[in-house]
Structures are given as structure tokens and as C-alpha cells.
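Student: 3D model of this:
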Amino acid sequence: MAASSKGDMSRKKAKNSKSRNDTAVQGTNDSSIVSKCSMCMLGYFKDDFLGRFVAKPVRRAPLINRGYYIRAKAVDHVLKAFLSAHQGVKTQLVSLGAGFDSAYFRLKSEGLLETTVFYEVDFPEVMLRKSDMVQRNDVLMKLVGEDWRMVENGIVSSSYKLIGADLRKVNMLQCLLEHHGIHPDHPTLLLSECVITYMGVKSSNAVIKWASEAFSHAVFVTYEQVYPNDGFGAVMQNHFKKLGTPLMNVQKYKTLEDQQQRYLDHGWSCVCATDMNRFFTTLIPMEEKLRVDGIEVFDEFEEWHLKCAHYALVCAFKGSTVSSLSQTIFPGVEPRTLETLTSQHIQQQQSCVSWKEETFSDHGVKRFGHASANLPGGKVIIFGGFGEKGTQHSRLSLVQLLDVASGSCLPVEPAGKELGPMLFHSATPVSDDTVLVFGGRTSPYKPRGQLLQLKVVPSVQRDKDGSTSWLYECETLHCTGADPCPRWRHSSSLVSIEGKNYLIVFGGRTASDAILGDVHVLSLETMEWLQVQSASPPPARHSHSCATWNNRVVISGGLCDGLQPSGAVHLATCRTERLGGMTLVWTELKLMPQLCPRYSHSSHVYGDSLLLVGGVNPQSNYPPGLTVLSLVSGIWKEYDLPECTLERPIMVHNHTSYLMSRKELLIIGGGGNCFSFGTHLNNGPLTLDISQCNI
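Tutor: Residues are numbered from 1 along each chain as shown. Here you go, the predicted structure:
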């Protein structure tokens, strides 16, 4: 009796848990449709019907708008490619987990479904809500057709079938589709747009296998998450777990290759797959990219590229669709078969670097887009950026002093004028206690062009424990000559020529100029911006990194024209002219082999070695690690960063760093606004053990 009672309780608990999960999964439809509607309202993507399924439109952030734009473009591309390849042929579209999507109404209004029957399947509760919305809208009902009729949990007509069903019950799904006229031999596209990812591996694979067996000529299109084990991937997983909709398949099918193998293992003849970075680069025309750039000022490139790297579009083919679509659906992407699919993707090597236990006490550094400058005695001044302010996230005015030796991070109070909030500025130490701060922005509409002097001084009063407290003095410097225009995401560095110091400013961006390639030189002796001659300068860019080596400026990486990342390293030799002014002679270091591109990284020079730390590479699904590069020979070696855990996501971009020794590297801050998954701030500073690296 007791055993029976326990069994009943266990089953009841499991049933309640399943019900809660189903409700949460249905909730993703409500959130998603609002974001899609926001994107369409602003003109990213034309869809006159989405708004009819949203009670209260809300304007989303630019990053979310762009994320849903590329999703809409990718799915629309595949749907129209399928319809174009089968003009005049009876076809079927089956949207699995359709939610409130409006694809049927959009395509029908464009005259693209003349010979197509469109099936939408989702939970009965969702389909009942959608059916009610459709019936109350005359415009939608006209597109449904005059021959419509109500059925259990939906409505159907000769061209549109809205059906309530649980996708986990494939036998019931098959029966319902057959009942409503599905034909096994008509070319059929099945769409899973962020749907089967919420089902268990067994259930989702059953759907994939069922589709391969039920239709003779078919395409199975899946848009869902991949690459879960870096910092962004961990934040992504935690977000969906918190919502009660964990990603059930992403650890089993982590990569594009895993996804392709999955469909081949379940009856499909060949598979093509692409991430959204490649899709955007290869299938969105430049004219369209420029149009999108003009909709909203955008400055979250890192998170845009990371979001696109973590979402894939997978197309599996069988029957006649193999010859009609598989070779052309993604130009440049070869379809894979059981015979051709090998482990050609880059396997991350075992990392030689590791994270040490956190050793810093007091106030941590939780911010990104900030700047830092090294001061004598193992001290680092940190200021600006975006991070925690009380219980909220905002642009920061907080100045902190990091004492590496003692492991403390102390607030530095203003002695007078406050520095004020700013992001993506530069900081260059020019003496033991003084830092020059140039540029930055508050919002993307408000770049800064001031040159500030920040001086760190010990307070007369000591803290209660007898330790030194610190203040800063901030003043605006007024210079002669032609000032650089206000900018952010630039670089600045200090060089000494014949005993005189100069500040070199290069690149960046403004609200109207996507990239800058100009060079400006400030004489710190006369405080004059000099006339500059620049011989063979590198291409314009922003979000690059800058260091100095033997009084030469070393520029690495960055985002260039068309959001193309750079893997080049450029060196500038500075020479003063007899009649005043400065000449910079640039050379590009010959690298062997070619270096993987990156941006939003940091860099250091140790002896004749250049260390490149972290960053973002939209041409790879794996984040850049630590690169050690010889500035003499151009030979380099890459060391992968350790995989992240869900408990401790670490994102090494939008950070700064401090080279403690050839054995230890300090990562200061870093993170970003991770699409719709929330803001992530590294909980640091974080110490990276690099003792096994050949520096």
C-alpha cells in the first residue's frame, strides 16, 4: 500500500513538472512574437501580419531587433527557396510548433502559396488562442479562405490547416495530419523554429525520424541553438533553464557537425548547415546590410556576432529535394552525406591555460567596455564602462584601484570634478600617477572628444584599518592644433622619440562613420596636435588593440569595413620632421601561418612577444584564446581558453588585462548584453595561469 502510494505521488509529481514545462515552453511563443513584432515595426523585415497577434507592441533593444531580423531572414530564405524550386507543383509546408507565427499569411498575400497547403501544429492550448485571433480578424480570415471550418483545437480550409497536437506523440500527429489531407508523396518542407530544442533528445529524434519516413520528398528545416560550452553558451543555457524551458538537445548536438550527423542517423539523405554569421555574410546583400545599419544606431557588435555564432540553420533533404535544393540552399556550403561527413571541424585542443581560484577581496570589478591603466607598484586604475550600480546595470562613473600585490580592489573617490560615465574610451599612463583619457561615449549618439587628465593621489586620511585610501583629480586639457573628432572604440598609445613623449590615437568609430582610419599625434611637451603624414597605413577599423614595442606602435585585429574582422598585425615607426609634424611609416608583419581574426581583445608585449588575449571572431564558432606571437619571426601559437561551466560563465571580450608575469595574466572585467538572455558581467578580476605557454 505504501509502495503504491509513493508510486502515485512520484507519477503525479512528474506529471505536474511536465505540465509546468509545457506552460513555460508555450510562454516562449508569447515573448518571441513580441520581439518579432518590434523588429517589423521598425522596418527590419516586412511582415504586415505579425502585429495582429500582439495585443501590446513593445519596442525591443537594437540587439534583440537584429537577432530576430536575422532569424526571420534565414527562415524566409529557406521557405522561398523551397517554393521557388517547386513552382507549379503541389507542395506542403508543415510548421511544427508554429505558435503565433504569421508566415502563412505573409506568403499567401505575396501570392507564393497558389499550389501549397500550409499546416501549422502546436499545443492545443496555443492553437485555440491563435484560432480565436484569426477568426476575429477579417484580413486574416480572407487569406484563410471562404471554405474554412472549425475543428477541434483549430480551424482548417483547403489551403490552411491550424491543428492542435503534442509533437511528442508522433503517432497521433501522423493521424491528425492524414485526417486533414497530408500527402506523403508531395514535396514537403517541415519547419522547427526553436521548437524541438525544448523536447527531450528521444522525443525530438522521434520527430526527425518520423518525418524522414512519412514523406518521400522532404526538407526538414531546424533553427536552434548550438555551441553551448563557451561563456555566451553558458549564459544562454542558464537563461532558458531559469525560464523553465531548458535546452534539452544542445549538449548532445553541440556543433554544426553534430547536428548534421543527427539527421543522417535518422533517415535523411544529406544535410546542409550554417550559423547566422555565415548566413549574414554570404546571403545578405551589401545594399541590405547598409539599409539595416541605417535603422538604428548600433554598437553591440560582440554580442551580435556571438548570438549569430550560437544559432544554426540546419536543412536535411531526401527524395527529389536533394537535387533541387541541397546544392543551392546555402552557397558555398557543401551538403554532407554519411559518406562525406567526417570530423573536419576544428576540435579544440586541450588547453594549456587554466583559471585560478579568485584571490581578490573587497569590491570586485564587474563591468565591460571600460578602460584601465597600469601604474607603478602593481596597481591598476579602472574606470568607465557598463556594469553594476547598486542593484541595477548602468554606465559607470566609479573609479577603482586594483592592488595586484595585496589582492584588493578599492573605490577611488573624486577630489573635485567627477570623471563621469563613459564607454569604449582609451586610457594611457604618462607618468607614475597620471593617465590621459581620450574619447569614449555615453550613448552611441553622444561620442566624446575631450582629452582628460586623471591623476591618482593618496588621501591625507587613512582608512580605519590604517591602509591608504585614494582620490583622483580630473581636469580637461586644452590643446592646440587640429583635434581628432569625437570617437570611441579607438586606441591610444605612448611613444618616446628623442626623449620626448607623444600620444598616438588611431581608428575608432563615430555615430556617422562606421570605421575610422585616421592617425593623430599629440606632443605632450607642447600639448599640440601635430600634422601627421602616414605612409601605408592599415585599413580603417575599430575595436582593435594597441601596444608598443621598441617605441613602435603595434596594432592588432579589429573590425574593418563591412564588419570584417582583421587578423593582421601592423607596426608603425614614428619619426619627427624638421619643420614640425610627425611621419608614421606602417608595415604589416608577415605572419606564419595567417592569424585567426579577432576584435574586442587586449594585447601585451613581453620581450619580443605579442600576447593577444580573448576577443571575438565571427568567422569561428569558438572564442579566441591566448595567442603568443613573435614580433621578430611572425610565428605564433594559439592556446585555447578552458571551457566554461554553467556555474561560472566567463566571457573574455570587452575586458582589459594586466600581465602580472610570464606565468600569470589578470583578466579585468568583461562581458556584455547577451541578446535577450540578460547582461553578463564577469565576476573578477580573474587570474589566468599561463605558465605552460611558451612565452
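Student: for this structure, which spans come out with low pLDDT?
Tutor: Residue ranges of the chain with pLDDT under 70: 1-21, 24, 27, 341-351, 361-363, 460-467.
Student: which strand in it runs the most residues?
Tutor: Ordering each strand of the chain by length in residues (DSSP state E) puts strand 451-462 first.
Student: dump that one to PDB, keeping only the CA atoms.
Tutor: The C-alpha trace of strand 451-462 is given here as PDB (Å, rounded to 0.1, in the frame of the first residue of the first chain):
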ATOM      1  CA  LEU A 451      41.200  64.900 -23.600                       C
ATOM      2  CA  LEU A 452      41.100  64.400 -19.800                       C
ATOM      3  CA  GLN A 453      43.900  64.100 -17.300                       C
ATOM      4  CA  LEU A 454      43.300  61.700 -14.400                       C
ATOM      5  CA  LYS A 455      45.700  61.900 -11.500                       C
ATOM      6  CA  VAL A 456      45.600  59.400  -8.700                       C
ATOM      7  CA  VAL A 457      46.700  60.600  -5.300                       C
ATOM      8  CA  PRO A 458      46.700  59.100  -1.800                       C
ATOM      9  CA  SER A 459      44.200  60.600   0.600                       C
ATOM     10  CA  VAL A 460      45.500  62.500   3.700                       C
ATOM     11  CA  GLN A 461      43.200  60.400   5.800                       C
ATOM     12  CA  ARG A 462      43.700  56.700   6.100                       C
END
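Student: list the strands paired with that strand, with their directions.
Tutor: Strand 451-462 pairs in its sheet with strand 434-438 (antiparallel), strand 468-477 (antiparallel), by DSSP bridges.
Student: just put these in TSV and tack on distance to residue 145 and mean neighbour count.
Tutor: All C-beta spots, glycine's among them, are computed from the backbone N, C-alpha and C. Shown next, in TSV, are these (distance: least, C-beta to C-beta, whole Å; neighbours: other C-beta atoms under 10 Å):
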stretch	distance to residue 145	mean neighbour count
strand 434-438	64	23
strand 468-477	69	16
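Student: I'd like the ones you listed as JSON lines, with distance to residue 109 appended.
Tutor: Shown next, in JSON lines, are the strands paired with strand 451-462 (distance: least, C-beta to C-beta, whole Å):
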{"stretch": "strand 434-438", "distance to residue 109": "52"}
{"stretch": "strand 468-477", "distance to residue 109": "57"}
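Student: end-to-end on stretch 526-539?
Tutor: Start and end residues of stretch 526-539 are separated by 30 Å (C-alpha to C-alpha, to the nearest Å).
Student: neighbouring contacts of that stretch?
Tutor: If you take C-beta atoms under 8 Å, 6 or more residues apart in numbering as the criterion, stretch 526-539 is touched by 477-484, 502, 517, 519-523, 555, 560-561, 566, 568, 570, 577, 580-588.
Student: ok, now with 7 Å
Tutor: 477, 479-483, 517, 519-523, 555, 560-561, 568, 570, 580-586 (C-beta atoms under 7 Å, 6 or more residues apart in numbering).
Student: of the residues you listed, grab the buried ones for ChimeraX.
Tutor: To isolate the buried members of those in ChimeraX, using 16 or more other C-beta atoms under 10 Å:
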select :517,519,520,521,522,523,555,560,568,570,582,583,584,586
